[in-house]
Every structure is written in C-alpha cells, then in structure tokens.
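Peer 1: I would like the atomic coordinates for the input below:
(one chain, ligands or ions: 1)
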Amino acid sequence: ACTSDSGDDSTLTVCTNVPFEPFEYMDGSEYVGFDMDLMQLLAERLDQTVEIVEIDFDSIGSGSALNAGTCDIAAAGLTITEERQEAMGMSQAYYRADQALVVPAGSSVAGLEDLSGLQVAVQSGTTGETYAEEHAQEYGYEPVAFETMGDIASSLSSGGVDASIADLATWSAMIGDGTDFTLVQPIETAEHYGFAVQKDNKELLDEVNAMLDQAFEDGTYAELYEKWIGE
Ligand code: GLN
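Peer 2: Now for the predicted structure:
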C-alpha cells in the first residue's frame, strides 16, 4: 500500500529521535512510547512491520530525512507548524503540547525573568529552540543548542547549562523518573503534535489520518493516552 521508496512493501520505516518520553524512548533495546504504539496501529492497518530509523531531530523537523527517502513516516512528538506543513505532509493533530522551563534542583531560578546572563539549553531544530530564541533578548539569556534531550539532561546535571526550555510532557516524564530537576514554569504555546510523511505521499497520509480517526472513535486512543500520559 505504501509508495515510498525507503523500504519494501512489508516494512513501515519510522524516523524518530530518542529519548523523548513518554512518546519515544528505549526500554532495553526496544523503542516504546505513545508514538510507537500509534505507529504499531498504523503498521497493523497496512499489514506491515515497523522498522525504526533513529536520526537527529533536526533532519526530522526540517523534512530533509523524509524527503530524502530515509523513512516512510516521522513519529517524533513533532509539532505541526506552517513551515513543516509546507515541507512535509502533516497528519491531523493527536496531542496538545506546551513548553516548560526546567532547572537543576536547588537553583534560584523561579521563572523566565530570572534567566538574565544564564545559559538555556534547547534541542536543535525544535519549537522549544524557536521559542527560546524569540525570547532571549527579552529575558537576557543565551540559548545553547544540543542534539538530544539526553544531552540536555547531562549538561543540566553537570552544571554545563543553567536551565532548559523544551516540551512540557517530556520534561514532566523525565522528572517523574527521579532526575534531579525542577519544572519551574510551564510555558503555554498551544502546540499540536502530528505525524509527518513525504510531501506527495497522500496515500500514506490518508491512512495515518484514518488510523487516528478510528483510534479516536473506538477508544484505542483514550486507552493509549491513559497508558502513556495519564489523566
Ligand atoms: N515538539 C517539538 C518540536 O516539534 C520537540 C519535538 C522533539 O524534540 N522530539 O519541535
């Protein structure tokens, strides 16, 4: 059913970037999470097997990976933006997201207005990076880009940077794991995640949207939401 040249007909190749809890992360050698379960539903619908292609987020968010044929679909907590709708085929929304300001436990930073002169970690190519850049002058901090959320967590732990701005649900999940960080300020950006396909792959885009419609209707979506995100 899939017209992509990035895999044979029995394989659904999925571009993602980990760790991005609770949407995609490693459990041992397995990729798990909300996005991964939804991709499983899509693969079942298409009678295909999921094959994960892990790449940097920048190549996913810019559309370059998809349009180079690296994978059939991107599942990466990917916010729907006008730019991305131009570069790729974006599905309907399946998750409402915001940003958050996070600091190491014990930091005196209590909000954006305390960031003057500090270094703020962001993930390269993300909407968090865009937000941080747009507000850097206003609050007087310096955005510092990292390739993965894992790299950001390491730098924040070791004092390499003072704070981070990235997706709220991911920070909440990472903090819930017992990492020594504090979420000091949710930043409401009213984003929506979607799945992305190659710009001209209308066939697969229709299947993704139909998979989501069905999951919304038959309760599967609600079940998975509860499983990975909670109330
Ligand atoms: N939702 C953000 C974006 O699309 C971050 C996604 C991510 O880091 N995986 O830019």
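Peer 1: Now do the contacts for the residue nearest the centre of the chain.
Peer 2: By Cα atoms, centre = their mean, the chain has its centre lying nearest to residue 77, at 2.5 Å. Counting by Cβ atoms under 8 Å, 6 or more residues apart in numbering, residue 77 makes contact with 20, 23, 24, 35, 95, 97, 167, 170, 193. Using the backbone N, CA and C atoms, a C-beta is placed for each residue, glycine as well.
Peer 1: Kindly report the same for residue 120.
Peer 2: 132, 136, 141, 142, 143, 144, 161, 162, 163, 164, 165.
Peer 1: mind running it again at 7 Å?
Peer 2: The contact partners of residue 120, by Cβ atoms under 7 Å, 6 or more residues apart in numbering, come to 132, 141, 142, 143, 144, 161, 162, 163, 164, 165.
Peer 1: Pull out the buried residues from these.
Peer 2: Using 16 or more other Cβ atoms under 10 Å as the burial test, the contacts of residue 120 include 132, 141, 143, 144, 161, 162, 163, 164, 165 as buried.
Peer 1: In helices, which of these fall?
Peer 2: residue 132 (DSSP state H).
Peer 1: Tell me which two in the buried ones among the contacts of residue 120 are the farthest apart.
Peer 2: Farthest apart among the buried ones among the contacts of residue 120 by Cβ to Cβ are 132 and 162. That separation is 12.5 Å.
Peer 1: Got the confidence number for residue 1?
Peer 2: Reading off the confidence values, residue 1 has pLDDT 39.
Peer 1: And the next helix or strand past the lengthiest strand in the chain?
Peer 2: Ordering each strand of the chain by length in residues (DSSP state E) puts strand 181-193 first. Where DSSP states H and E defines the elements, the next helix or strand beyond strand 181-193 is strand 196-197.
Peer 1: Return the distance of that next one from the chain's centre.
Peer 2: Mean-position distance between strand 196-197 and its chain equals 13 Å (Cα atoms, centre = their mean, to the nearest Å).
Peer 1: counting contacts, what elements does the helix or strand just after that strand pack onto?
Peer 2: Heading C-terminal from strand 196-197, the first helix or strand you meet, by DSSP H and E, is helix 202-218. Applying 3 or more Cβ pairs under 7 Å, 6 or more residues apart in numbering; DSSP states H and E, one finds that helix 202-218 makes contact with helix 34-46, strand 196-197.
Peer 1: Right, I'll call it a day here.
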